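Engineer: Predicted model and sequence follow; I will ask about them next.
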Amino acid sequence: MNDIKLALLGSEGAGKSAVLVRFLTKRFIGEYASNANSLYHKRLSIDGRQLNLEVFDPCSQSGESRCILEEPVDWADGFVVVYTISDRTSFLNAKNILAQIKESRRETCKGEVPICLVGNKQDLCHSRQVSEEEGRSLAQENKCLFQEVSAAENYLEISNLFTKLIRHVMEQLKLRGDRRRYSGSKSMAKLINNVFGKRRKSV
Ligand SMILES: Nc1nc2c(ncn2[C@@H]2O[C@H](COP(=O)(O)OP(=O)(O)OP(=O)(O)O)[C@@H](O)[C@H]2O)c(=O)[nH]1
């Protein structure tokens, strides 16, 4: 079975957990505990292939510039970078995060880094601070997928987006001929505990 590892990154309160939980459970839960890093697991099948999906959802740190980027960037195969369309600061932070991912992957990764830029809280468009066009341009500059979504209101768009990202990850792993994907889940669990040393969740 293939292991696919994704990391969610973005400003505090951008809706990272909401977007992820929507994808994993189809539900929107208003409030999420955000004082600890979480690792979610889900088995899924895409294009007839069984996948073991692991998603790292870090708790935000105070101070936008102090992103907890280093570990997730080394660990993950793909990234979901979330900002809020009604919060320009979160958009600028997303821009920063994209630059940091590119920078740290430049030497180690052949081919593109699979990333999906998500403009969340589309339902708050009455207080929009970031136009859809700006989001799209940023994604094009960084060669990433892009979608505005509302974790509060929609499931399908979020699900389609994750599916596209996972397909992109699978293509890149195939290109890299990465044999690590077939490692047993026990050693993977150990590695993750070593890297993050935090609690794990199954959905
Ligand atoms: N209106 C609206 N609110 C949302 C949406 N998504 C998330 N929220 C709300 O935004 C707040 C933050 O959501 P979280 O999912 O906890 O955000 P986060 O990025 O994981 O936050 P941290 O874990 O603190 O970094 C919560 O009150 C959510 O209910 C959305 O699509 N629309």
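Structural biologist: Sure thing, it's come through.

Engineer: Is stretch 123-142 in proximity to the ligand?
Structural biologist: Yes - residues of stretch 123-142 are located near the ligand by CB under 6 Å from any ligand atom, namely 123, 124. Yep, even glycine has a C-beta here, placed from its N, CA and C like the rest.

Engineer: List the buried residues for that stretch?
Structural biologist: 128, 130, 135, 138, 139, 142 (16 or more other CB atoms under 10 Å).

Engineer: Okay, and which of these map to helices?
Structural biologist: 135, 138, 139 (DSSP state H).

Engineer: pLDDT added to the residues you listed, as CSV?
Structural biologist: Shown next, in CSV, are these (pLDDT from 0 to 100):
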residue, pLDDT
135, 98
138, 98
139, 98
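
Engineer: quick one, longest helix in the chain?
Structural biologist: The chain, longest helix under DSSP H: helix 156-176.

Engineer: CA atoms only: put that one into PDB for me.
Structural biologist: Taking Å, rounded to 0.1, in the frame of the first residue of the first chain, the C-alpha atoms of helix 156-176 are listed here in PDB:
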ATOM      1  CA  LEU A 156     -17.300  18.400  -2.900                       C
ATOM      2  CA  GLU A 157     -14.900  21.200  -3.900                       C
ATOM      3  CA  ILE A 158     -12.600  20.300  -0.900                       C
ATOM      4  CA  SER A 159     -12.800  16.600  -1.700                       C
ATOM      5  CA  ASN A 160     -11.900  17.200  -5.400                       C
ATOM      6  CA  LEU A 161      -9.000  19.400  -4.500                       C
ATOM      7  CA  PHE A 162      -7.500  16.800  -2.100                       C
ATOM      8  CA  THR A 163      -8.000  14.100  -4.700                       C
ATOM      9  CA  LYS A 164      -6.200  16.200  -7.400                       C
ATOM     10  CA  LEU A 165      -3.300  16.900  -4.900                       C
ATOM     11  CA  ILE A 166      -3.000  13.200  -4.000                       C
ATOM     12  CA  ARG A 167      -2.900  12.300  -7.700                       C
ATOM     13  CA  HIS A 168      -0.100  14.900  -8.200                       C
ATOM     14  CA  VAL A 169       1.800  13.400  -5.200                       C
ATOM     15  CA  MET A 170       1.500   9.900  -6.700                       C
ATOM     16  CA  GLU A 171       2.800  11.100 -10.000                       C
ATOM     17  CA  GLN A 172       5.800  12.800  -8.400                       C
ATOM     18  CA  LEU A 173       6.600   9.800  -6.200                       C
ATOM     19  CA  LYS A 174       6.500   7.600  -9.300                       C
ATOM     20  CA  LEU A 175       8.800  10.000 -11.100                       C
ATOM     21  CA  ARG A 176      11.200   9.900  -8.100                       C
END
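
Engineer: do that helix and the ligand meet?
Structural biologist: No - on the criterion CB under 6 Å from any ligand atom, helix 156-176 is out of touch with the ligand, staying 9.5 Å away.

Engineer: same for that helix, what does it pack against?
Structural biologist: Judged by 3 or more CB pairs under 8 Å, 6 or more residues apart in numbering; DSSP states H and E, helix 156-176 is in contact with strand 2-10, helix 16-25, strand 38-46, strand 49-57, strand 78-84, strand 115-120, strand 145-148.
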